[in-house]
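# This is a predicted model, with the sequence first.
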Amino acid sequence: MLRISCPFCGLRDHTEFTYRGDATKIRPADDAPLAQWIDFVYLRDNPRGPHREYWQHTLGCRAWIVVARDTLTHEIFSTEMAAGDKEAAE
Amino acid sequence: MKYSIFSLARNALHGQRLWPQAWRSPTPKKHYDVIIVGGGGHGLATAYYLASVHGIRNVAVLEKGWLGGGNTGRNTTLIRSNYLLDGNSRFYEWSLKLWETLSQELNYNVMFSQRGVLNLAHNDAQQDAFRRRGNAMRANGIDAEWLTREQVAAMVPLLDCGDGARYPVQGGLLQARGGVARHDAVAWGFARAADRLGVDIIQNCECTGFDLTAGRVTGVRTSQGSIGAGKVGIAVAGHSSQLAQLAGLRLPIESHVLQALVSEPVKPVIDTVVTYGAGHFYLSQSDKGELVMGGDLDFYNSYAQRGNLPILEYVLGCAIQMFPFISRLRMMRHWGGVMDMSMDGSPIISRTPIDQFYINGGWCYGGFKATPGSGWVFAHTIANDAPHELNRRFDLGRFASGRTLDEKGAGPTPNAH
């Protein structure tokens, strides 16, 4: 069982959350070149180690959060609100 | 030495001391015509078919651990070709046909047992979907049979087919030619047969990089030094992204863990393979008597070869809904394997943007049944620098061009396939 710290609800079992995938992928502009869209939809770095990923607290506050987690050891380094993450990326 | 009744008798009379090593442990040569990275079933089968079908015998298989120590030894050994889409069904049927003669072909008993694979349906919509798939299979010349609830109950007496079941069984789609095989024997059989044709199998040899010159691969860097190569194929499903990254490629793949488990051994209780339709669960019984069970992914990216307990609880919940007696059994072993989950749920057996560099991966959790077929078409692809008709639809370029092969219609969401 992973234990994920939701910024609103505190430390909870991962079974309360839904995994939403790679958080490093940023949606391109609607008129971006096709190659950028192919990259966004299909291509993944798929790292063996630290990974930034979206989880949604579906059985809790329903917030989307960004979890920094190691895909090999499952160690969780940090969690933060996804909304803030998007602003930081822009 | 050819394995036969005579070699068996001769060794029985000599205290089993005359058996030769099944394959050599050579030191790597300076250069090979083809290097296959990955000594699981797919890599070894590729090497075997390169040597036996295409006459390319200056071949090495590099394995970072031991043969069949990855997903070849971690699956639930199911074999079937009950697919809906043409691009999949013809390929998997060819693989099933290879399984049917594989023990004779390799002179090695892979214990292929065609005990049938039965998919249970629990509601009207599921019945419709399964019948449609069965009809598609029959249109492609593949055996498929619809069983009524009564026929299912007669075939699997211990299955709870009553009205009191949580999700009552309505019927099932049976592929009688499906079944199971001994997974280790598949790796060992291909290894021995390939070795006999001159293929060098090099274990404890990790690939650490590729030598590229002007967009073309010229060699493999390994923990045992650099080795030159005319062509390189990778067959390392679970870690395809990692190997591809060494060559500067990114793939439409995420790695996820899938777990499986076996119970303590019991007397024969089930002589077929049954899959649950109201949850993700499948069950068979090994020759040793253990019930072999598998279920869903853990759903988050993982390279840990171990699973989590919530999924285990879910899997066993399904098991007990189907077969209430399982609640009395103790579970004996439990393990996880790392899956290449592709963006459309179908494999990738393809050329790549790098010349003479080929990829075989993206198997999701369906790779074991494909082992001989995968090796066969991958060998063809490498030998001819072009895909065979059977793996033309498995090309890496299908994602960019929108020709994905999405059996489940789940879209580019790897953990949903």
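Arrived safely. Residues are numbered from 1 along each chain as shown, chains lettered A, B, ... in the order given.
# isn't residue A:53 right next to residue A:69, touching?
Yes. Counting by Cβ atoms under 8 Å, residue A:53 touches residue A:69, with 6.4 Å between them. For the C-beta atoms, the positions are set from N, CA and C on the backbone; glycine is no exception.
# out of the two, which sits in the more crowded spot?
residue A:69 (25 against 18; other Cβ atoms under 10 Å in any protein chain shown).
# And the pLDDT for the more buried one?
For residue A:69, the pLDDT comes out at 98.
# Now the phi/psi pair for the residue nearest the centre of chain A, please.
Centroid-nearest residue in chain A: residue A:54, 1.9 Å away (criterion: Cα atoms, centre = their mean). Residue A:54 adopts backbone torsions of phi -90, psi 140, taken as degrees, to the nearest 10.
# what's the pLDDT at it?
97.
# which residues touch it?
A:19-23, A:64-67, A:82 (Cβ atoms under 8 Å, 6 or more residues apart in numbering or on different chains).
# Measure how buried the nearest residue to residue B:397 once chain neighbours are set aside is and give me the count.
Excluding its sequence neighbours, the residue lying closest to residue B:397 (Cβ to Cβ, 6 or more residues apart in numbering or on different chains) is residue B:350, at 7.6 Å. Using other Cβ under 10 Å, the number of residues around residue B:350 comes to 20.
# And residue B:350, how close does it get to chain A?
14 Å (Cβ to the nearest Cβ, to the nearest Å).
# try residue B:227
Counting by Cβ to the nearest Cβ, the gap from residue B:227 to chain A is 24 Å.
# Can you check my assumption that that residue lies in a strand?
Yes. Under DSSP: H, G, I helix; E, B strand; the rest coil, residue B:227 falls within a strand.
# my read: it touches residue B:33, true?
No. Applying Cβ under 8 Å as the test, residue B:227 and residue B:33 come out as separate, 11.7 Å apart.
# Compare neighbour counts for those two and give me the winner.
residue B:227 (23 against 16).
# ok, the more buried one - contacts?
B:28-32, B:35, B:60, B:62, B:219-220.
# now residue B:122
B:167-170, B:277-278.
# ok, back up a step: which of the contacts of residue A:54 sit farthest apart?
The distance between the two most remote of the contacts of residue A:54 (Cβ to Cβ) is 14.2 Å, for A:22 and A:65.
# picking that back up, would a markdown table of the contacts of residue B:122 with secondary structure be doable?
Formatted as a markdown table, the contacts of residue B:122 follow (three-state DSSP):
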| residue | secondary structure |
| --- | --- |
| B:167 | coil |
| B:168 | coil |
| B:169 | coil |
| B:170 | coil |
| B:277 | coil |
| B:278 | coil |
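# What confidence value was assigned to residue A:85?
Reported pLDDT for residue A:85: 51.
# ok, and the helix or strand in chain A with the lowest average confidence?
helix A:82-89 (a mean of 63; mean pLDDT, DSSP states H and E).
# Please name the residues that touch residue B:66.
B:39, B:203-204.
# Mind checking what secondary structure it has?
Assignment for residue B:66 (three-state DSSP): coil.
# Then the one 3 residues further on?
Residue B:69 falls in the coil class when you classify it by three-state DSSP.
# Enumerate the residues of chain B near chain A.
B:239, B:241-242, B:245, B:250-255, B:299-304, B:308-310, B:343, B:399-400, B:412-413, B:415 (Cβ under 8 Å from any Cβ of the partner chain).
# Just the buried residues out of the residues you listed, in ChimeraX syntax.
Applying 16 or more other Cβ atoms under 10 Å in any protein chain shown to the residues of chain B next to chain A, the buried members can be selected in ChimeraX as follows:
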select /B:239,241,242,245,251,252,253,254,255,299,300,301,302,303,304,308,343,399,400,412,415
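# can you tell me the average pLDDT over the strand or helix carrying residue A:20?
Element membership for residue A:20, per DSSP states H and E: strand A:18-22. Taken as a whole, strand A:18-22 carries a mean pLDDT of 97.
# Adjacent strands (with direction) for that strand?
strand A:50-56 (antiparallel) (DSSP bridges).
# After the strand it pairs with, heading C-terminal, what element do we hit next?
strand A:64-70.
# contacting residues around that next one?
Contacts of strand A:64-70 (Cβ under 8 Å, 6+ apart): A:2, A:4, A:6-7, A:20, A:23, A:49-57, A:75-83, A:85, B:300.
# 7 Å - rerun?
A:4, A:6-7, A:20, A:23, A:49-57, A:75-82, A:85 (Cβ atoms under 7 Å, 6 or more residues apart in numbering or on different chains).
# Kindly confirm whether my reading is correct that residue B:116 touches residue B:173.
No. Assessed by Cβ atoms under 7 Å, residue B:116 is found out of contact with residue B:173, at 10.7 Å.
# More neighbours: those two, which one.
residue B:173 (25 against 22).
# what pLDDT does that one get?
For residue B:173, the model assigns a pLDDT of 98.
# ok, residue A:72 - how many residues close by?
17.
# and it, what does it touch?
A:48-49, B:303-304.
# Pipe the residues you listed into TSV and attach secondary structure per row.
Listed next are those as TSV, based on three-state DSSP:
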residue	secondary structure
A:48	coil
A:49	coil
B:303	coil
B:304	coil
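# now for the residues you listed, which pair is the farthest apart?
A:49 and B:304 (11.6 Å).
# Around chain B, pick out the residues from chain A.
A:1, A:15, A:19, A:38, A:41-46, A:48, A:51, A:53, A:71-72, A:74 (Cβ under 7 Å from any Cβ of the partner chain).
# Apply the buried test to those residues and list what passes.
A:15, A:19, A:38, A:41-44, A:46, A:48, A:51, A:53, A:71-72, A:74.
# from those residues, which is closest to residue B:319?
residue A:15 (19.0 Å).
# helix, strand or coil for the closest one?
Applying three-state DSSP: residue A:15 is helix.
# In chain A, where is pLDDT below threshold?
Within chain A, the ranges that satisfy pLDDT under 70 run A:84-90.
# whoops, I mixed them up, the stretch 51-200 of chain B
Checking the stretch 51-200 of chain B against pLDDT under 70 turns up nothing.
# Which parts of it are strands?
For the stretch 51-200 of chain B, the strands defined by DSSP state E, counting those that start in this stretch cover B:59-62, B:78-79, B:117-121, B:145-148, B:171-175, B:179-180, B:200-202.
# What is the third one packed up against?
The one in question is strand B:117-121. Under the contact definition 3 or more Cβ pairs under 7 Å, 6 or more residues apart in numbering or on different chains; DSSP states H and E, strand B:117-121 sits against helix B:124-139, strand B:171-175, strand B:273-276.
# Now do that strand against strand B:171-175, angle only.
If you take axes from the mean of the first three to the mean of the last three Cα atoms, to 10 degrees, strand B:117-121 sits at 160 degrees to strand B:171-175.
# Need the nearest residue in space to the residue sitting nearest the centre point of chain B, chain neighbours excluded.
With distances taken as Cα atoms, centre = their mean, residue B:368 lies nearest the centre of chain B, 1.4 Å away. Counting by Cβ to Cβ, 6+ apart, residue B:75 is the residue found nearest to residue B:368 once chain neighbours are left out, at 4.2 Å.
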